[in-house]
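K.L.:
I would like to see how this sequence folds:
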Amino acid sequence: IEKYVRRCFSESIQNIDDLIVIPNCELSRILNLHYNRSNHINISISFKEIAQAALKELFLAIQQQ
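P.N.:
Numbering: from 1, shown residues only. Next comes the predicted model:
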């Protein structure tokens, strides 16, 4: 998630509302590959919301530094 947030900054994204996690986005794909390599777990709808909340929290923390 940190690499994704830092890339957002390098692409000049400054508005937290521009950070949206959708099921087929790169971040979802990477997290699924990392934690669910054999696809034995069905990804719940709340996964998107949790990943997006974590993304926004880290974005704010880095932005405030």
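
K.L.:
What residues sit buried inside stretch 12-30?
P.N.:
19, 21, 27-28 (16 or more other Cβ atoms under 10 Å). C-beta: built from backbone N, CA, C; applies to glycine.

K.L.:
repeat for stretch 33-49
P.N.:
Residues of stretch 33-49 classed as buried by neighbour count (16+ other Cβ under 10 Å): 47-48.

K.L.:
who's in contact with that stretch?
P.N.:
Stretch 33-49 is contacted by residues 21-23, 28, 32 when judged by Cβ atoms under 8 Å, 6 or more residues apart in numbering.

K.L.:
after the worst-scoring helix or strand of the chain on mean pLDDT, next one along is what?
P.N.:
The weakest-scoring helix or strand in the chain, judged by mean pLDDT, DSSP states H and E, is helix 26-35 (a mean of 86). Per DSSP states H and E, the first helix or strand lying C-terminal to helix 26-35 is helix 45-63.

K.L.:
what about stretch 39-48, distance to the chain center?
P.N.:
14 Å (Cα atoms, centre = their mean, to the nearest Å).

K.L.:
Let's see that stretch as PDB, backbone CA atoms only.
P.N.:
Taking C-alpha atoms only, stretch 39-48 is exported to PDB below (Å, rounded to 0.1, in the frame of the first residue of the first chain):
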ATOM      1  CA  ASN A  39      -7.400 -18.200  -4.600                       C
ATOM      2  CA  HIS A  40      -8.800 -20.300  -1.800                       C
ATOM      3  CA  ILE A  41     -10.500 -17.400  -0.200                       C
ATOM      4  CA  ASN A  42     -13.500 -15.500  -1.700                       C
ATOM      5  CA  ILE A  43     -12.800 -11.800  -1.400                       C
ATOM      6  CA  SER A  44     -15.600 -10.000   0.500                       C
ATOM      7  CA  ILE A  45     -17.100  -6.700  -0.500                       C
ATOM      8  CA  SER A  46     -15.700  -5.200   2.700                       C
ATOM      9  CA  PHE A  47     -12.200  -5.800   1.400                       C
ATOM     10  CA  LYS A  48     -12.500  -2.900  -0.900                       C
END
